[in-house]
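> please find the sequence and the predicted model below.
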There are 2 protein chains.
Amino acid sequence: MARAGWSHEELVAGVLAGDRRALARAISLVEDGAAQAEELVRAVYPRTGGAASIGVTGPPGVGKSSLLSALVGEVRAQGRTVGVLSVDPSSPFSRGALLGDRIRLADHFLDPDVYIRSMGTRGHLGGLAEATLQALLLVDASGKDVVFLETVGTGQSEVEVIGIADLVLLVLMPGSGDSVQALKAGIMEIPDVIVVNKMDHPGAQTMLQEVRSIVALDPERERRPRILLTDALRGEGVSELWEALEARRRELEERGELASRRVRNLSGEVETLAVARLRERVQAAIADDPRVRAALRGVTRREVDPLSAVSLVVSTLTGGDGT
Amino acid sequence: MARAGWSHEELVAGVLAGDRRALARAISLVEDGAAQAEELVRAVYPRTGGAASIGVTGPPGVGKSSLLSALVGEVRAQGRTVGVLSVDPSSPFSRGALLGDRIRLADHFLDPDVYIRSMGTRGHLGGLAEATLQALLLVDASGKDVVFLETVGTGQSEVEVIGIADLVLLVLMPGSGDSVQALKAGIMEIPDVIVVNKMDHPGAQTMLQEVRSIVALDPERERRPRILLTDALRGEGVSELWEALEARRRELEERGELASRRVRNLSGEVETLAVARLRERVQAAIADDPRVRAALRGVTRREVDPLSAVSLVVSTLTGGDGT
């Protein structure tokens, strides 16, 4: 039963009609982890898949929000509608630090064809991945042509959060030395497009050359990302960036890769969310199951080895032998 | 049955006696994912817990290996024995990039009281976390006084790999702008000690001040890490770093926090490893289970929503309703 005056049917109809208030209410249900959110997503799912989704990631402070604001302007100039979902993986204590700059998107708050929403963690990353997918599907079903899925950070967990997007854009700035090293060392996945923002900074050209020389090492030429310079605050390079993203999308479509990537992303997403739910069960078993708790006490006393405790947890959940 | 001439009993006895060849063979069994590795760890587990373990993390290229080499020298100068486990989370394709600099540890290869071992991924991160724990327990059981557990990167997944260590040292260098921003934004966990390596670099002092001002914001004064400058190649600041690590350990011991941290780490490790094993089962179900495969085809055709497929995967593994 939906709260605050919306019935399930009204919410479904509202989301599909692109009603902002219905969409906002639906995403709040998702954030609350309400059971009816899942029913909503189930109801609208056949109407999803129309949106072009773009994951935007990068370290904090590189200007992702300003860049998103400028990109939204580009998309709107083409007469297309846009959704922006900003996902904040930081702890509740420091929430303000990351969401404070969402204000840069305020230029678009009054545009009825732009829907902007920030989502924080409530608990752990697994729950966030599930909420992000649900919110993306709702925005997609509401008829937005383009959806940006933004998250901060460049690790594996962050990539999981935006792994459902059709394309991935990595935003760096001069001084993003760690990310460049991570690209070089192969511990960061190569995105579709890389942008070096704050192009007027003295180190911008050096960073551009450095990133270029790294991606040039990839023997699979077709996979090499385009790399561009932007200044999001002054709007420089943003049209070129949007064109690069569109070109990349066309390229993937022409090679039939967009469809296969979507299949792979959906299957990866099902894996991620199934593992997240199982993690919750593992945590519950560790907190509450008397046999598991006894085994953990044994581990602490060096009487039971940790791998036997792991096997017990797994067999408690699955009924098998836990190996 | 142990291969290559070692029986289970010989391996257990050899590891416990601190025999290098036995330890090397045992860790190879761990890397191969052999069933007998688990038996070995079970057999030696009651003899673990004596080693002081220190996790060392940081972006690639900051000089972690040189610093480790210098720290090993400090520990040896005190007459204590050392193990170094370097864990490489990168893909097999770029392996060389990260392990190449292990050569800096070569100064210690001939010292019988130093055991150095690199471990790569074979498959996925879950397997690596399990192998890392097993290897750490084996080195611990072999009687090393101090064990360094090194990994590259600063994301959540990397922290999981070294999460079992008693203390965590974060290594940065001038130019590590992304990591500083991540600390500031609260998306990187605060370690016990932070070192800014390459102290002669013009940006070193600035970075030191920046990191200091970030950690000073933490209201829990006792948790604030010490922050030091080093030049690992020239050995500068390394004695002070080792003293800071020892002081931190004494502090935790005096407050009774080391014991509670070990309990928490072990329980967290059991969670991580149980989830990793369940992930393997999820992947197997997605690859092989006919009902799951049918559901995934339905997801791709927008006939079955992804969350229903997730519930099916979870219920297939656990026999429950999957929510």
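On my side now, so go ahead. These numbers come from a predicted model, not from an experiment. Numbers count the residues shown, from 1 in each chain, chains lettered A, B, ... in the order given.

> spell out which parts of the stretch 201-323 of chain A neighbour chain B.
Contact residues (CB under 8 Å from any CB of the partner chain) of the stretch 201-323 of chain A with chain B: A:262-263, A:266-267, A:269-271, A:273-275, A:277-279, A:281-283, A:286, A:296, A:299-300, A:302-303, A:305-310, A:313-314, A:317-319, A:322-323. For every residue, glycine as well, the C-beta is placed using N, CA and C.

> so of the residues you listed, which ones are in helices?
A:262-263, A:266-267, A:269-271, A:273-275, A:277-279, A:281-283, A:286, A:296, A:299-300, A:306-310, A:313-314, A:317-318 (DSSP state H).

> just the buried residues from the residues of the stretch 201-323 of chain A next to chain B, in PyMOL please.
Buried members of those, defined by 16 or more other CB atoms under 10 Å in any protein chain shown, are picked up in PyMOL with:
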select buried, chain A and resi 262+266+267+269+270+271+273+274+275+277+278+279+281+282+283+286+296+299+300+305+306+307+308+309+310+313+314+317+318+322
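
> just for chain A, where's the confidence low?
Low-confidence segments of chain A (pLDDT under 70): A:1-4, A:90-104, A:121-126, A:154-159, A:323.

> so where do the helices sit in it?
Using DSSP H, helices in chain A cover A:8-16, A:20-31, A:35-44, A:64-77, A:95-99, A:125-141, A:156-162, A:177-184, A:204-215, A:238-254, A:257-288, A:290-300, A:306-318.

> can you report how many residues lie near the residue nearest to A:Val62 when sequence neighbours are not counted?
In space, and not counting its chain neighbours, A:Val62 is closest to A:Met173: 4.2 Å by CB to CB, 6 or more residues apart in numbering or on different chains. Neighbourhood size, A:Met173 [other CB atoms under 10 Å in any protein chain shown]: 26.

> pretty sure A:Met173 contacts A:Met199?
No - A:Met173 lies out of contact with A:Met199 (CB atoms under 8 Å); the separation is 9.1 Å.

> rewinding a little: could you list every residue that touches the residue nearest to A:Val62?
Contacts for A:Met173 were tallied using CB atoms under 8 Å, 6 or more residues apart in numbering or on different chains; they are A:Gly61, A:Val62, A:Gly63, A:Val196, A:Asn197, A:Lys198, A:His201, A:Ala204, A:Met207, B:Gly177.

> which residue is nearest the middle of chain A?
A:Ile162 (2.5 Å; CA atoms, centre = their mean).

> nearest residue to that one other than its sequence neighbours?
Using CB to CB, 6+ apart, the closest residue to A:Ile162 is A:Gly55 (3.3 Å).

> next, format the helices of chain A as TSV and append distance to B:Leu167.
Formatted as TSV, those follow (distance: least, CB to CB, whole Å):
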stretch	distance to B:Leu167
helix A:8-16	50
helix A:20-31	36
helix A:35-44	42
helix A:64-77	33
helix A:95-99	26
helix A:125-141	24
helix A:156-162	23
helix A:177-184	22
helix A:204-215	33
helix A:238-254	43
helix A:257-288	23
helix A:290-300	19
helix A:306-318	19
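
> what is the end-to-end distance of stretch A:228-243?
11 Å (CA to CA, to the nearest Å).

> buried set for that stretch?
The neighbour-count check on stretch A:228-243 (16+ other CB under 10 Å) flags A:Leu228, A:Leu229, A:Thr230, A:Asp231, A:Ala232, A:Glu236, A:Gly237, A:Val238, A:Leu241, A:Trp242 as buried.

> cool, thanks, signing off.
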